[in-house]
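Peer 1: all I have is the shape, not the residue letters:
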Ligand SMILES: Nc1ncnc2c1ncn2[C@@H]1O[C@H](COP(=O)(O)OP(=O)(O)OP(=O)(O)O)[C@@H](O)[C@H]1O
């Protein structure tokens with residue numbers, strides 16, 4: 001690598017929360033799953049990761065916090081190059097929320113569970129208490145703190161899992177199909193939380209998802225295909241790409257489809273990122289009254 005490349009990469013690390021440079025991985029050396037993945041995710045960006053089943057999405061996010069170890073290439077998280085010495089520090093900076101929240105509980109009560117994660121950060125007791133109550137309030141789980149995790153609904157469990165992660169104040173939060181087991185109401189609740197987190201601007205979000213509304217709310221979509229980064233696009237570009245939608249078993253969201261139909265009929269609705277936004281845009285138009 002020449003000096004210019006070094007300078008460019010140092011500059012990227014300053015602004016990107018996550019970078020991958022020529023990263024490859026295979027569970028067995030003779031069967032590569034990911035090949036030469038290079039990407040950068042700027043701080044504060046909300047990115048959806050899509051791709052056909054088995055294309056390596058979960059594998060990619062597990063490499064980022066060293067749940068599995070890359071075979072080649074370089075990974076940086078919040079400016080640190082991942083290596084044997086800083087795995088623990090990297091994991092503090094990258095929170096992961098998985099599909100099944102049941103696998104994420106260790107405490108006897110919700111409060112214990114959230115505090116358990118904070119104890120790992122060696123924080124003073126007052127700071128742990130401050131974060132516990134701040135994030136429990138933000139995620140609407142204050143009333144659940146004394147409950148046993150087994151008493152919670154699926155949506156409540158996922159909110160508690162997210163509270164535990166956010167209380168650790170990681171720079172990057174990864175969701176691996178975190179809403180796929182939730183009912184519609186809980187899914188919408190989770191999406192509202194994500195929109196608030198993103199509006200705050202302090203989180204970089206990387207989300208593996210098949211949910212059209214979640215994709216529409218993100219700013220950027222990365223698509224994996226056959227172990228390679230095949231496309232880097234906006235949600236709008238993805239929803240116009242019918243072949244890719246079919247390959248990834250995705251469909252365009254209702255608000256996007258309706259917005260496109262209305263725009264074709266001359267209504268200035270732009271590209272709504274949710275049904276609510278579409279309604280808010282349409283409401284003041286009065287339809288000629
Ligand atoms: N622990 C493992 N050992 C061996 N092979 C694995 C392991 N985990 C995943 N694989 C294989 O690696 C490939 C990529 O799997 P991965 O779970 O990353 O895909 P994905 O894109 O997240 O899929 P999906 O959308 O179905 O969840 C698949 O062929 C899978 O069978």
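Peer 2: Everything's here; your move. Owing to the predicted nature of the structure, the values given are computational and were not obtained by experimental measurement.
Peer 1: how does this protein divide into domains?
Peer 2: 3-252, 253-289 (automatic domain parsing).
Peer 1: so which of those domains is the most packed in?
Peer 2: Using mean count of other Cβ atoms under 10 Å, the stretch among the domains of the chain with the largest mean neighbour count is domain 3-252, at a mean of 18. The way it works is simple: take the backbone N, C-alpha and C, and place the C-beta from them, glycine included.
Peer 1: quick revisit: out of the domains of the chain, which gets the lowest mean score?
Peer 2: Of all the domains of the chain, the segment with the smallest mean pLDDT is domain 253-289, scoring a mean of 77.
Peer 1: circling back to that earlier point, which one of the domains of the chain lies nearest to the ligand?
Peer 2: Of all those, domain 3-252 sits nearest to the ligand, with 3.4 Å by Cβ to the nearest ligand atom.
Peer 1: state the distance from residue 202 to residue 75.
Peer 2: 22 Å (Cβ to Cβ, to the nearest Å).
Peer 1: which parts of the stretch 51-200 of the chain sit against the ligand?
Peer 2: Proximity of the stretch 51-200 of the chain to the ligand is assessed by Cβ under 6 Å from any ligand atom, with 51, 53-59 identified as the residues in range.
Peer 1: try it again with 8 Å
Peer 2: Contact residues, the stretch 51-200 of the chain versus the ligand (Cβ under 8 Å from any ligand atom): 51-60, 62, 68, 176-177.
Peer 1: run through the residues that contact residue 105.
Peer 2: For residue 105, the set of contacting residues under the criterion of Cβ atoms under 8 Å, 6 or more residues apart in numbering consists of 113, 149, 157, 160-161.
Peer 1: and it, how far from residue 113?
Peer 2: According to Cβ to Cβ, residue 105 stands 5 Å off from residue 113.
Peer 1: in the chain, which spans are helices?
Peer 2: Taking DSSP state H as the criterion, the chain contains helices spanning 3-15, 57-64, 87-93, 110-119, 125-138, 154-167, 184-200, 212-217, 235-240, 242-247, 254-264, 275-282.
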